[in-house]
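In: Got a sequence here, can you build the structure:
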Amino acid sequence: MTVFLIAVGAAIGAPARYLTDRAAQSRHDSVFPWGTFTVNVVGSFVLGALTAAAAGGAVGSGVVAAVGTGFCGALTTYSTFGYETLRLAEEGAALQAAANVVASVLAGLAAAAIGWAAATALT
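Out: The predicted structure follows:
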């Protein structure tokens, strides 16, 4: 059953990633990978909130599997983050590459913390 829940979550997360990435990137005329940045920050928030909710007993292991592993696993992307950062550096956009690393890590951590705090306050 757990594998099925993960698959369902991933089946929702993967198209959400694609659509969110395209929507975010189409709104910016820049080499910065706004789409990947957006999905990673959103995923960090969701995972932070989910983890706090699970720790507080508000959600069970099935929800964690479907949303945490499935949805967030398919929504977020470390590999694309790494690839896009290297591509920026190779194309001479070292400042944007560095900004991508710093902003992604800091925003992801902040989003996870805010998600955790929000879920803790609500549970």
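
In: Touching, Glu84 and Phe37? I think so.
Out: No: contact between Glu84 and Phe37 fails when scored by Cβ atoms under 8 Å: they sit 9.0 Å apart. The way it works is simple: take the backbone N, C-alpha and C, and place the C-beta from them, glycine included.

In: Mutual contacts of the two, please.
Out: Jointly contacting Glu84 and Phe37 under the rule Cβ atoms under 8 Å, 6 or more residues apart in numbering are Asn100.

In: Any regions of the chain where pLDDT drops low?
Out: Within the chain, no range satisfies pLDDT under 70.

In: Strands along that one, start to end?
Out: In the chain, no strands are found when defined by DSSP state E.

In: Just give me the neighbour total for Pro15.
Out: 12 (other Cβ atoms under 10 Å).

In: my bad, Thr76
Out: Neighbour count of Thr76, defined by other Cβ under 10 Å: 21.

In: wait, it sits on Thr38?
Out: No: Thr76 lies out of contact with Thr38 (Cβ under 8 Å); the separation is 10.3 Å.

In: Phi first, then psi, for the most far-flung residue of the chain relative to its centre.
Out: Taking Cα atoms, centre = their mean as the measure, the residue most remote from the mean C-alpha position of the chain is Gly92, 26.4 Å away. Note on Gly92: backbone dihedrals following degrees, to the nearest 10 are phi 80, psi 10.

In: mind checking how far it is from Thr80?
Out: Gly92 sits 20 Å away from Thr80, going by Cβ to Cβ, to the nearest Å.

In: Check Arg17 too.
Out: Per Cβ to Cβ, Arg17 is found 9 Å from Thr80.

In: One more: Gly56?
Out: For Gly56, the distance to Thr80 - Cβ to Cβ - is 32 Å.

In: residue ranges of the helices in the chain, please?
Out: Using DSSP state H, the helices of the chain run over residues 2-26, 34-55, 61-63, 73-75, 78-90, 94-122.
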